[in-house]
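# Pasted the sequence and its predicted model underneath.
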Amino acid sequence: MDLIANFYELWGGAYLGNFSNQMYDNNIYFPIALYSILLAIILTVAYYYVIDRPGTAKFSIWSINILVGGIISYIIAYVSANNKLTTVFANISEPLPDAFTSDILLFGLINMMWTILLMFLLSIAIKWKSTNSSFIPF
Amino acid sequence: MSKIYFIKLLILSLFINVACESVHGSKNDNDDEIKTEGPGKNFPLDATVKIYFENTLSMDGYINGNTDFKDVFRDLLVTVDNEKEIDYEIEFYLVNNELNKEHFDVPSIKISEKLTPQSTNNKGNKGSSNFEDILNTVLENQEGNVISVLMADFIYSPGGETDTPSALNKLRTYTQDAFLRAGKQNSKMDTRIYSFTSKFDGTYFDINNKHIKGVEKRPYYYFVMAPSSLMQIFEKNILSQLIKNPGFVNEAFFSSMNFSPIKTQVLASTANNGRFNIRDGIKVIGYPKQGNLEFVMVLDLSHLPLDDHYLLNKDNYLLQNSEFKIKDIGVVQGKTIKFASLGSKKIDASSQVNMKGENFTHAILFSADGLVSEDLKFALKKKVPAWVLQVDSEDDRNIKSDSLEQTKTFGFAPLVEGVAKAYEQQAGNNDYFNIQITVNNN
């Protein structure tokens, strides 16, 4: 749990005060990380071994694939964090603090960044046995 | 085509899963409940209340006619008689150099009416008030389910002693000895002291045994001794009623119990200065640009048998790390903390979430000047309350002309200090609780 929090908080560089405390205390980091990792694995494996056609074996298509992965993971992070924190604060009859809006946006971007990075590393790791895309991204 | 369809299906299923969990929520740390021990759960079905009246000439002024002393005594008898939770039997004693059980041939609730200087004559030597002996007598009879209530003015009479400081030291030591011996019989005996004032119509005997008339108002005290479990229920149902009397002034509590662990929570964003991560202790993320590092800790002190006068006094806390200081102490009231000096501060929403809906009664605002390098360690000390020292007198010869002296009691502090020392020695420590919070820098 601490490891996942460190990734999202960039080892203190992106520690967002109350928002980070609530994300950690309410165990919201873990499911978002899990779904994002699964998403990255599925999209990368699908690109190299399911879709795998000569027509898709292009850097531009590969880039679109990881961009789509990043956007989806951003949405996962935003929706999950917003909904769960809203529920947590509703339990004490308080609205979500205003400052959390920008914190959630930033958190989504960080999740997007890690998903894209993971998809890139997975691409390097698994591309070798792809029939048509083994030379993508390089 | 089928491969693209498969990928779409996978992505869709991921969305559905995330969305469902968002709507229904999941188990989180908020679901954990900390169970705390409730007060007054274990107490006997019946008990004996032994009420002792210091039967000396100096006490005649309190029972001469209608006095506040008699009002409180009557309240005590009636409240005990009507108590439903425990079946109390009342025993009344006159105590001096002798111990005489008395009921004046009336029901117990009428004893206060029959208590007069005349009715207490010829019951032992009223000219002697040796508190070492009186306390010994009372404590020797304190066994089992017994609550002892000693009503006295506790004015020390040095007798033939010419060296007053030495005599007072002796009083302190003998009182300590009496309570230590009582503690050996019943290690879980608590003592409560209540201070009252009453109309006084009698003779005051000063340090030189000079008879002084015309002192119209005088303090007197209830020493209540009982096993911890009985004391809890007796305090809740009986003593709490007595202190509503206008003559009540102050109270003190002595126990060998340590009440650790205390439930605490650091609030990262209420009345704070600086930025904190409060996951495992306190991690200082950012020091403030101006002023000291400050943060609030809320505590659940509901099970401590101490009043707010004691709990809100900064001097009663000992900080073992000199980097920290207590800036203010307050009471938690709903979503607000009422600090003694700073006034009301709203608990922000995030801090409320951190408190997880649990009960916290008090808040301490800590302040640190400069960088912190050690853990926060502090304790609530068992101290003789300040009011005891304020009512203590070492020379009462000018009592008739000195109105402040009329509110004091000669030799009272050494007596109470003896009680406190006995509890400290018995417990092996002098703390109501100790708290340690890990503090790190980012």
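Received it, and whenever you're ready, just let me know what you need. Numbering: from 1, shown residues only, chains lettered A, B, ... in the order given.
# Tell me the strands beside the strand or helix carrying residue B:193, with direction?
Here residue B:193 sits within strand B:189-199, counting by DSSP states H and E. Here strand B:189-199 is paired, per DSSP bridges, with strand B:217-227 (antiparallel), strand B:248-254 (antiparallel).
# closest one to residue B:150 among those?
Closest to residue B:150 of the strands paired with strand B:189-199 is strand B:217-227 (C-beta to C-beta; 4.2 Å). In short, each C-beta sits where N, CA and C put it, glycine included.
# average pLDDT for that closest one?
Throughout strand B:217-227, pLDDT has a mean value of 95.
# about what we covered before: now render the strands paired with strand B:189-199 as JSON lines, adding mean neighbour count.
Converted to JSON lines, the strands paired with strand B:189-199 look like this (neighbours: other C-beta atoms under 10 Å in any protein chain shown):
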{"stretch": "strand B:217-227", "mean neighbour count": "24"}
{"stretch": "strand B:248-254", "mean neighbour count": "20"}
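# end-to-end on stretch B:381-389?
17 Å (C-alpha to C-alpha, to the nearest Å).
# How about it, which residues are buried there?
B:382, B:383, B:384, B:385, B:387, B:388 (16 or more other C-beta atoms under 10 Å in any protein chain shown).
# Without its sequence neighbours, what residue ends up closest to the fifth one?
Think residue B:387. Distances taken as C-beta to C-beta, 6 or more residues apart in numbering or on different chains put residue B:250 closest to residue B:387, at 4.4 Å, once the chain neighbours are dropped.
# Just list the residues touching the one you found, thanks.
B:194, B:195, B:309, B:385, B:387, B:391 (C-beta atoms under 8 Å, 6 or more residues apart in numbering or on different chains).
# Including distance to residue B:187 and pLDDT, could those go into TSV?
Conversion of the contacts of residue B:250 to TSV gives the following (distance: C-beta to C-beta, whole Å; pLDDT from 0 to 100):
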residue	distance to residue B:187	pLDDT
B:194	23	95
B:195	27	96
B:309	27	87
B:385	23	89
B:387	27	91
B:391	29	94
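# Most widely separated two among those residues?
Greatest spatial distance among the contacts of residue B:250 (C-beta to C-beta): B:309 and B:391, at 14.2 Å.
# Show me the shaky parts of the chain.
No chain specified, so I'll use chain A. A:1 (pLDDT under 70).
# should've been chain B
Checking chain B against pLDDT under 70 turns up B:1-43, B:128, B:158-161.
# Okay, domains of it per the record?
According to automatic domain parsing, chain B comprises the domains B:46-255+B:384-410, B:264-381+B:431-441.
# among those domains, which is nearest residue A:95?
Closest approach to residue A:95 among the domains of chain B (C-beta to C-beta): domain B:264-381+B:431-441, 7.7 Å.
# and that closest one, does that touch chain A?
Yes: residues of domain B:264-381+B:431-441 contacting chain A under C-beta under 8 Å from any C-beta of the partner chain: B:268-269, B:275, B:277-279, B:285, B:348-350, B:352-354, B:357.
# re earlier: mind checking the strands paired with strand B:189-199 for the one nearest to residue B:108?
That would be strand B:217-227 among the strands paired with strand B:189-199, by C-beta to C-beta, at 17.0 Å.
# what's the helix or strand following the closest one packed up against?
In the C-terminal direction, the helix or strand that comes right after strand B:217-227 (DSSP H and E) is helix B:228-234. Using 3 or more C-beta pairs under 8 Å, 6 or more residues apart in numbering or on different chains; DSSP states H and E, the elements in contact with helix B:228-234 are strand B:146-152, strand B:189-199, strand B:217-227.
# Reformat the ones you listed as JSON lines; add distance to residue A:51.
Below are those laid out as JSON lines (distance: least, C-beta to C-beta, whole Å):
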{"stretch": "strand B:146-152", "distance to residue A:51": "84"}
{"stretch": "strand B:189-199", "distance to residue A:51": "78"}
{"stretch": "strand B:217-227", "distance to residue A:51": "79"}
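# ok, residue A:20 touching residue B:278?
No: with contact defined as C-beta atoms under 8 Å, residue A:20 and residue B:278 do not form a contacting pair (10.5 Å).
# separation between the residue nearest the centre of chain B and residue B:169?
Centrality entry for chain B: nearest residue to the mean C-alpha point is residue B:306, 2.8 Å, by C-alpha atoms, centre = their mean. As judged by C-beta to C-beta, to the nearest Å, residue B:306 and residue B:169 stand 28 Å apart.
# same deal with residue B:122?
Distance from residue B:122 to residue B:169, by C-beta to C-beta: 34 Å.
# In terms of neighbours, single out the busier of these two.
More crowded of residue B:122 and residue B:169, by other C-beta atoms under 10 Å in any protein chain shown: residue B:169, with 14 against 8.
# packing partners for whichever helix or strand comes after the strand holding residue B:193?
Counting by DSSP H and E, the next helix or strand C-terminal to strand B:189-199 is strand B:204-205. The elements that strand B:204-205 packs onto, with contact taken as 3+ C-beta pairs under 8 Å, 6+ apart, are strand B:211-212.
# what lines up beside the strand it packs on in the sheet?
Partners of strand B:211-212 in its sheet, by DSSP bridges: strand B:204-205 (antiparallel).
# Quick one: distance of the partner strand to the chain centre.
31 Å (C-alpha atoms, centre = their mean, to the nearest Å).
# got it, and stretch B:127-141?
With C-alpha atoms, centre = their mean, you get 24 Å for stretch B:127-141.
# where do the helices sit along the chain?
In the absence of a named chain, this looks at chain A. For chain A, the helices defined by DSSP state H cover A:2-8, A:18-25, A:29-45, A:59-90, A:99-126.
# Please refer instead to chain B.
B:2-24, B:68-82, B:111-114, B:131-140, B:164-185, B:228-234, B:240-242, B:308-311, B:349-354, B:386-390, B:412-427.
# Check the ones you listed for me and report the most buried one.
helix B:349-354 (a mean of 23; mean count of other C-beta atoms under 10 Å in any protein chain shown).
# In PDB, list the C-alpha atoms belonging to that helix.
Output in PDB follows, covering the C-alpha atoms of helix B:349-354 (Å, rounded to 0.1, in the frame of the first residue of the first chain):
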ATOM      1  CA  ALA B 349     -14.100  18.200   6.700                       C
ATOM      2  CA  SER B 350     -11.000  16.200   6.100                       C
ATOM      3  CA  SER B 351     -10.100  16.100   9.800                       C
ATOM      4  CA  GLN B 352     -13.700  14.900  10.500                       C
ATOM      5  CA  VAL B 353     -13.200  12.100   8.100                       C
ATOM      6  CA  ASN B 354      -9.900  11.200   9.900                       C
END
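# on contacts alone, who are the packing partners of it?
Using 3+ C-beta pairs under 8 Å, 6+ apart, helix B:349-354 sits against helix A:18-25, helix A:59-90, strand B:264-267.
# Tabulate these (CSV), appending distance to residue B:292 and mean neighbour count.
Shown next, in CSV, are the helices and strands packed on helix B:349-354 (distance: least, C-beta to C-beta, whole Å; neighbours: other C-beta atoms under 10 Å in any protein chain shown):
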stretch, distance to residue B:292, mean neighbour count
helix A:18-25, 21, 22
helix A:59-90, 30, 19
strand B:264-267, 16, 20
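# of all those, which lies closest to residue B:438?
Using C-beta to C-beta, these put strand B:264-267 closest to residue B:438, at 10.5 Å.
# How far off centre is the closest one?
For strand B:264-267, the distance to the chain centre is 23 Å (C-alpha atoms, centre = their mean).
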